[in-house]
Structure formats: structure tokens, C-alpha cells
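In: need a structure here:
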Amino acid sequence: MSGYNDGRKKPLFCVAVNLLNLQELKEALREIESRPDMEILTLKEKSAFAAGVLSEIASHRKVDLKLHRKK
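Out: Residues are numbered from 1 along each chain as shown. Coordinates of the predicted model:
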């Protein structure tokens, strides 16, 4: 996932790695890498696409990928 991290999505990626199982993460990575125009996208566009794929998988499991910080 390091190739898709624009810095702003790092918390989402960290939460996803902790809450989704390995099979789901592999599925997300396959879906991300199968996109034909991935090489010409900017880092920001790659990051947004990867975040969308992870969020979609998490929503099927009814998992919230938002980082909840204590105040």
C-alpha cells in the first residue's frame, strides 16, 4: 500500500490493515492493481482510488475505517 499513500490517507490505511482480514486486503490490492490506467494516475488519484476500494470492502462488513481519537 506504500505506493498509494499520499500522506493524507495514512490513518485510513492503518485502520484498514488492523480491522480487515488478510484475504480482504489481498482482494483490495488485486482490485487496485488490476485497474489498467493506474500507472498514469497521480499519487493523489491512486490514493483516493485505493481508499475507495478499502472503504467499499469495509462497508460490506459494516466496519467503520475512521480513526476515532480520544479527546
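In: Tell me where this protein has helices.
Out: Secondary structure of the chain by DSSP state H: the helices cover 10-19, 22-33, 43-60.
In: Need the nearest residue in space to Arg8, chain neighbours excluded.
Out: If the residues on either side of it in the chain are set aside, Arg8 comes closest to Ser47, at 7.2 Å by C-beta to C-beta, 6 or more residues apart in numbering. Where C-beta positions appear, they are placed from N, C-alpha and C, glycine not excepted.
In: Let me know how buried that neighbour is, in neighbour terms.
Out: 22 (other C-beta atoms under 10 Å).
In: Ile40 now?
Out: Around Ile40 sit 7 other residues, with neighbours defined as other C-beta under 10 Å.
In: so of the helices of the chain, which one's packed in deepest?
Out: When neighbours are counted by mean count of other C-beta atoms under 10 Å, the highest per-stretch mean among the helices of the chain falls to helix 43-60, a mean of 17.
In: quick revisit: can the helices of the chain go into CSV with extra columns for mean pLDDT and distance to His68?
Out: As requested, the helices of the chain are exported to CSV (pLDDT from 0 to 100; distance: least, C-beta to C-beta, whole Å):
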stretch, mean pLDDT, distance to His68
helix 10-19, 89, 9
helix 22-33, 92, 21
helix 43-60, 92, 14
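In: Need the residues that contact stretch 2-21.
Out: Counting contacts by C-beta atoms under 8 Å, 6 or more residues apart in numbering, the residues outside stretch 2-21 that touch it are 1, 25, 28, 32, 43-44, 46-51, 54-55, 57-58, 61, 63, 65-67.
In: swap in stretch 29-37?
Out: Judged by C-beta under 8 Å, 6+ apart, the contacts made with stretch 29-37 from elsewhere in the structure are 1, 4, 38, 49-50, 53.
In: thinking again about what came up before, nearest to Lys71, of the helices of the chain?
Out: Nearest to Lys71 among the helices of the chain is helix 10-19 (16.1 Å), distances taken as C-beta to C-beta.
In: returning to what we had before: can you pull the contacts of the residue nearest to Arg8?
Out: Residues touching Ser47, when contacts are defined by C-beta under 8 Å, 6+ apart, comprise 4-6, 8-9.
In: And it, how close does it get to Lys9?
Out: As for Ser47, its distance to Lys9 is 5 Å (criterion: C-beta to C-beta, to the nearest Å).
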